[in-house]
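> A predicted structure for the sequence below; I have some questions about it.
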Amino acid sequence: MGYADVYNSWKSDPETFWMEAAQAIDWDRPPSFALDSSRAPLYEWYTDSLVNTCYNAVDRHVENGRAAQTALIYDSPITGAKDFTTFQQLRDKTALLAGALLAKGVTKGDRVIIYMPMVPEAVIAMLACARIGAIHSVVFGGFAANELAVRIDDAQPKAILAASCGIEPGRIIAYKPLIDEAIEIAQHKPETVLILQREQLKAELLEGRDHDWFESQRGVEPADCIPVEGNHPAYILYTSGTTGAPKGVVRPTAGHLVALNWSMKNIYNVDPGDVFWAASDVGWVVGHSYICYAPLIHGNTTLIFEGKPIGTPDAGTFWRVISEHNVRSFFTAPTAFRAIKREDPKGEFKAAYDLSCLRALYLAGERADPDTINWAHDLLGVPVIDHWWQTETGWTIAGNPMGVEPLEIKLGSPAVAMPGYDVQILDETGQQMPVNTLGAIAIKLPLPPGTLPTLWNAPERFEKSYLSAFPGYYETGDAGMVDEDGYLYIMARTDDVINVAGHRLSTGAMEEVLANHPDVAECAVIGASDALKGQLPIGFVCLTKGVNRPHSEIARECVQMIRDKIGPVAAFKTAAVVDRLPKTRSGKILRATMVKIADSEAFKLPATIDDPVILDEIKAALQALGYAQ
């Protein structure tokens, strides 16, 4: 069956499609139906089933002949450590940690916050929670104490699983003081804190509450897998909300298992036993779906990488890891490749490594500009697949189903909708837009298995945030268009579509033009308020390493390129050369914050910002242009 056949088989009979996909999961009590629409528009999947995520990710592989297969590869260029964990070892370690949690009073339905760096124990912690039906909430290691406190008060965890420190290039981040401060700030007080002591920086333990990771496991009974209901939350993952208060995305257990398992072969084209690498962090949704859960559920070897695309030690570290560990499919963010391209524009580091094992590169997390895709394709000689999804969906909305039928790659498009997603482009009134016309991207309800059914402790906010703008649809918050072949183009967040003298323009389209400048490694375009035209675009460009031309000359060329490609209607007259762009730790550019700085508005420092100092640099650049006064 080709893509059209698979997609149409879903669309004509969604119930049969998702019941057939569910047969790949090992159930304690199989579902008798797929979709539960009894509370529409709040839909749920496989609600009458009983199942355990950890059993499907670990135990069944041990029982079915994969006990000796490597499940986890840990590669840490920051510390020089490498480690390999088989499925049997993973089962034993997970069962023991789960037993330690039970011994501390953690039971089914209790929440556990995980605050860890990229070490194997982070994945073991997630699986141990799933093993006993506890609901984990991973918070990016090193998050500020006040942000951690907000999540403690919302999730009300019985326990926190953490490491003593995280290690970044050139610095060690002590986690324990941040945890102590967060618990002091929070109204809710977790009963137990388990600390993985890392040799780079040991933590002082508070008597009574804090316990050593391994000491707490001595003498405990390894825990068996506890079946949970299909709609039992597997985890809560907080994503930044427009109001500044984080939104706790809930991931239901059964749909999560079915959707992620389906995606591994059909989208990423890997078979059980293949090595799959998602270069992300367990603090983000990519780390949940494609470092921890999906590869293990499908029987793949997954790679835990504690490093950066550059600087640990150089711009060739990705190529070393792929070559050394025989990676078949590689998934990362476009910003990682832009960083490598900026450091090593000719891709010279690649020459030292044999990458013949690699079949495809997948990009997601931010719009993949054609320049980055072309550079990566020319360097690696494999298909470069852009695909689009969100924290809320947990897996691909639009992509190229490489395991079903590799489709034509159209630069600038993440390709086509996956089964389960009826993607439509709507105007402000909810009417469908013609092809190739910019509008709001919405998905007709119900969303497929694995997507969020609600927000933690905030059902009203869920409906208001996602379901109220277009009744019968999930509002993605992204703007874009669909072409005559059904290919989707994500042009910007809805907030990033700017209105210049009545013309709706995509900042993403302008960034695409700027990225084609030979000296530009990375760029961002924002819309600043203007008394005459409503908004005016401002471009920020970071230059490729080694470019020594006058910045004013490059800025003039950027302005001319926008004029040539998009036209005078864009009113693009201002471009600034900057050293860095403000980003989240997952690599997303903080455009909304940049807009507030340009318009001299107050803003809340984003919890996920990588380096707050960059905002001062952006403000100085804007002031030089006459903004941010």
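Structure received.
> Only C-alpha atoms from now on, for both contacts and neighbour counts.
Fine.
> So residue 340, which state does it fall into?
Secondary structure assignment for residue 340 (DSSP: H, G, I helix; E, B strand; the rest coil): helix.
> so who does the closest residue to it other than its chain neighbours touch?
Spatially, and ignoring its direct neighbours in sequence, residue 340 is nearest to residue 315 (5.4 Å; C-alpha to C-alpha, 6 or more residues apart in numbering). When contacts are counted by C-alpha atoms under 8 Å, 6 or more residues apart in numbering, residue 315 is found next to 309, 340, 343, 344, 349.
> do you know how far residue 315 is from residue 393?
From residue 315 across to residue 393, the span is 32 Å (C-alpha to C-alpha, to the nearest Å).
> for residue 292, same thing?
From residue 292 over to residue 393 the distance is 16 Å, taken as C-alpha to C-alpha.
> These two - which one has more neighbours?
More crowded of residue 292 and residue 393, by other C-alpha atoms under 10 Å: residue 292, with 25 against 20.
> Go ahead and confirm that one touches residue 301.
No: the criterion here is C-alpha atoms under 8 Å, and residue 292 misses it with residue 301 at 10.1 Å.
> I'd like the next helix or strand past the helix or strand encompassing residue 11.
Using DSSP states H and E, residue 11 sits within helix 3-12. Next helix or strand after helix 3-12 toward the C-terminus (DSSP H and E): helix 14-21.
> Which residues does that following helix contact?
The contact list for helix 14-21 (C-alpha under 8 Å, 6+ apart) reads 9, 10, 33, 34, 35, 258, 259, 262, 420.
> Could you list which of those belong to strands?
Among the contacts of helix 14-21, the members found in strands (DSSP state E) are residue 35.
> Including distance to residue 368, could the contacts of helix 14-21 go into JSON lines?
Conversion of those to JSON lines gives the following (distance: C-alpha to C-alpha, whole Å):
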{"residue": "9", "distance to residue 368": "30"}
{"residue": "10", "distance to residue 368": "28"}
{"residue": "33", "distance to residue 368": "38"}
{"residue": "34", "distance to residue 368": "34"}
{"residue": "35", "distance to residue 368": "34"}
{"residue": "258", "distance to residue 368": "28"}
{"residue": "259", "distance to residue 368": "24"}
{"residue": "262", "distance to residue 368": "24"}
{"residue": "420", "distance to residue 368": "23"}
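> Now do residue 555: how many residues are near it, please.
Residue 555 has 19 neighbours, counted by other C-alpha under 10 Å.
> thinking again about what came up before, spell out the secondary structure type for the residue nearest to residue 340.
With three-state DSSP as the basis, residue 315 sits in coil.
> Residue 542 versus that one, what's the distance?
Computed as C-alpha to C-alpha, the residue 315 to residue 542 distance reads 17 Å.
> Then residue 258?
Note on residue 258: its distance to residue 542, by C-alpha to C-alpha, is 42 Å.
> and those two? which has more neighbours close in?
Neighbour count, other C-alpha under 10 Å: between residue 258 and residue 542, residue 258 has more, with 24 against 19.
> so what's that one up against?
Neighbouring residues of residue 258 by C-alpha under 8 Å, 6+ apart: 21, 22, 24, 25, 449, 450.
> Distance of the second one relative to residue 300?
When C-alpha to C-alpha is the yardstick, residue 22 and residue 300 sit 18 Å from each other.
> again with the first one
Separation of residue 21 from residue 300 (C-alpha to C-alpha): 18 Å.
> Between those two, which is the more surrounded one?
With neighbours defined as other C-alpha under 10 Å, residue 21 and residue 300 compare such that residue 300 has more, 25 against 13.
> Check the offset of the helix or strand of the chain with the lowest mean pLDDT from the chain's centre.
Ranked by mean pLDDT, DSSP states H and E, the helix or strand of the chain with the weakest confidence is strand 503-506, at a mean of 76. Its chain's C-alpha centre and that of strand 503-506 lie 27 Å apart, by C-alpha atoms, centre = their mean, to the nearest Å.
> Relative to that strand, what are the paired strands and their orientations?
strand 497-500 (antiparallel) (DSSP bridges).
> what residues are up against residue 326?
275, 357, 358.
> quick one: which of these has the most company?
Highest neighbour count within the contacts of residue 326: residue 275, with 26 neighbours (other C-alpha under 10 Å).
> and it, backbone torsions?
Per-residue torsions, residue 275: phi -90, psi 130 (degrees, to the nearest 10).
> That one contacts residue 327, correct?
Yes: using C-alpha under 8 Å, residue 275 makes contact with residue 327 at a distance of 4.9 Å.
> pLDDT averaged over stretch 293-300, what's the number?
For stretch 293-300, mean pLDDT rounds to 98.
> Likewise for stretch 267-286?
For stretch 267-286, mean pLDDT is 96.
> hey, C-alpha coordinates of it in PDB?
Extracted C-alpha coordinates of stretch 267-286, given in PDB (Å, rounded to 0.1, in the frame of the first residue of the first chain):
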ATOM      1  CA  ILE A 267       7.400   7.400   9.400                       C
ATOM      2  CA  TYR A 268      11.000   6.800  10.400                       C
ATOM      3  CA  ASN A 269      11.500   3.500   8.500                       C
ATOM      4  CA  VAL A 270      13.400   1.600  11.100                       C
ATOM      5  CA  ASP A 271      13.000  -2.100  12.000                       C
ATOM      6  CA  PRO A 272      13.400  -3.600  15.400                       C
ATOM      7  CA  GLY A 273      17.100  -3.900  16.300                       C
ATOM      8  CA  ASP A 274      18.100  -0.800  14.300                       C
ATOM      9  CA  VAL A 275      19.800   2.100  16.100                       C
ATOM     10  CA  PHE A 276      17.600   5.200  16.300                       C
ATOM     11  CA  TRP A 277      19.000   8.500  17.500                       C
ATOM     12  CA  ALA A 278      17.000  11.600  18.400                       C
ATOM     13  CA  ALA A 279      19.500  14.300  19.500                       C
ATOM     14  CA  SER A 280      17.200  16.100  21.900                       C
ATOM     15  CA  ASP A 281      16.700  16.100  25.700                       C
ATOM     16  CA  VAL A 282      14.300  14.100  27.900                       C
ATOM     17  CA  GLY A 283      13.000  17.500  29.100                       C
ATOM     18  CA  TRP A 284      11.300  18.000  25.700                       C
ATOM     19  CA  VAL A 285       8.600  16.100  23.900                       C
ATOM     20  CA  VAL A 286      11.000  14.700  21.400                       C
END
